[in-house]
Structures are given as structure tokens and as C-alpha cells.
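# coordinates only, no sequence provided:
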């Protein structure tokens, strides 16, 4: 999306119908999801009050995908999000999520650029290296993540850290596969 391009304005009428102001027709949540997948920013406003309803509708789109079995968000992540609304972490969660997704987008871009140079004998090695770089970047400044412990702590918790790292790698690989399918 170009920096100067404005978000697509969608107006919600009192009947709860959604109106695309560019094409002068009514749209559905699936249409809005399609606009977003195509790289278009959207803004949904209530026609009568002028309230911005974008967040509410984006959450509804995510909830519908999850209810159809397109489970991208693991239950433990959903639990952590709910917890973050009731504790002091709520102030850092939005920034953390935004940075995480930005890193994921950058990683995907680099992965696509590197696909031409991946070793055809072992293409998973390049993906694993990118996952490790992502995990290393994500673990910066977070207490007990692998790599942020002293040598004594690493020896004591090496097996549990290895299992945790393997679980994280598996979850990240699953997320990358799902994102690849969406692209």
C-alpha cells in the first residue's frame, strides 16, 4: 500500500449494513477481509455517530475465522491476551504484538527473497535458520527465554529450555505455514 493511499472508508448504516464508499455498494465481512488480505487498509465508521468501529469489525472477522476451524491463535495465547486486559502487562502488549508482527512480515519478505538461493538439497535449513533468528530477536530482554540465562542456569534448565524451544519452533513453523496458505 502506498504511503499516501487513504484507507478504504466503509460506513455502517443503522440497519448494520456496511457500505463501501468507493464502489457505492454494500459489502460483507468476507469482502472486508478480502480487501485487507489484498493489502488495503480499511476504516469502518458508524454513519450516524461517526464512531470508529474498525477494531470491533476486525475482531469479529478474526472470531469468525477461528470459529470455522481456522485456528491461528493457540488457546494459551488467547488466555494470555485475556489476562493482559486485567494486569499491568496491558500497557506493553499492544507494542509487543505490533513489533512481533512487523518482525514476522520482515521475516516473510526475506524468506521470499531468499527462496531463490535456498539449497535445493536441504530447504528446511534456511527456514530453521530464519526461525532461530526470529526467536533470538523475540527473546531480547525477556527473562527466562533460552539464551538469556547464565551458564549455570543453562546447565540446570537445559532440557526444559530445549523442550520449550522445540515447542516454540513447532508453533512458529505452524504459523508460517498458515500465513503462507493465506498469502
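Received it, and whenever you're ready, just let me know what you need. Keep in mind the model is a prediction, meaning the values are calculated, not measured.
# domain assignment for the chain?
Per automatic domain parsing, the domain ranges recorded for the chain read 8-67, 104-182.
# adding mean neighbour count, write the ones you listed out as a markdown table.
In short, each C-beta sits where N, CA and C put it, glycine included. Output for those, formatted as a markdown table (neighbours: other Cβ atoms under 10 Å):
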| stretch | mean neighbour count |
| --- | --- |
| domain 8-67 | 13 |
| domain 104-182 | 12 |
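# closest to residue 83 out of these?
Nearest of the domains of the chain to residue 83, taken as Cβ to Cβ: domain 104-182 at 16.4 Å.
# isn't residue 48 right up against residue 14?
Yes - using Cβ atoms under 8 Å, residue 48 makes contact with residue 14 at a distance of 6.2 Å.
# ok, then the element right after the helix or strand of the chain with the lowest mean pLDDT?
Every helix and strand of the chain was ranked by mean pLDDT, DSSP states H and E. The lowest is helix 151-156, at a mean of 55. Using DSSP states H and E, the next helix or strand after helix 151-156 towards the C-terminus is helix 158-182.
# these two touch, right, residue 57 and residue 29?
Yes - Residue 57 is in contact with residue 29 according to Cβ under 8 Å; the separation is 6.8 Å.
# what's the overlap in contacts for the two?
Contact criterion Cβ atoms under 8 Å, 6 or more residues apart in numbering; residues shared by residue 57 and residue 29: residue 18.
# residue 59 belongs to a strand?
No - looking at residue 59 with DSSP: H, G, I helix; E, B strand; the rest coil, it is helix, so not inside a strand.
# now the strands for this structure?
Under the criterion DSSP state E, the chain contains strands at 8-12, 18-20, 25-27, 42-46.
# so which elements touch the third one?
Applying 3 or more Cβ pairs under 8 Å, 6 or more residues apart in numbering; DSSP states H and E, one finds that strand 25-27 makes contact with strand 18-20.
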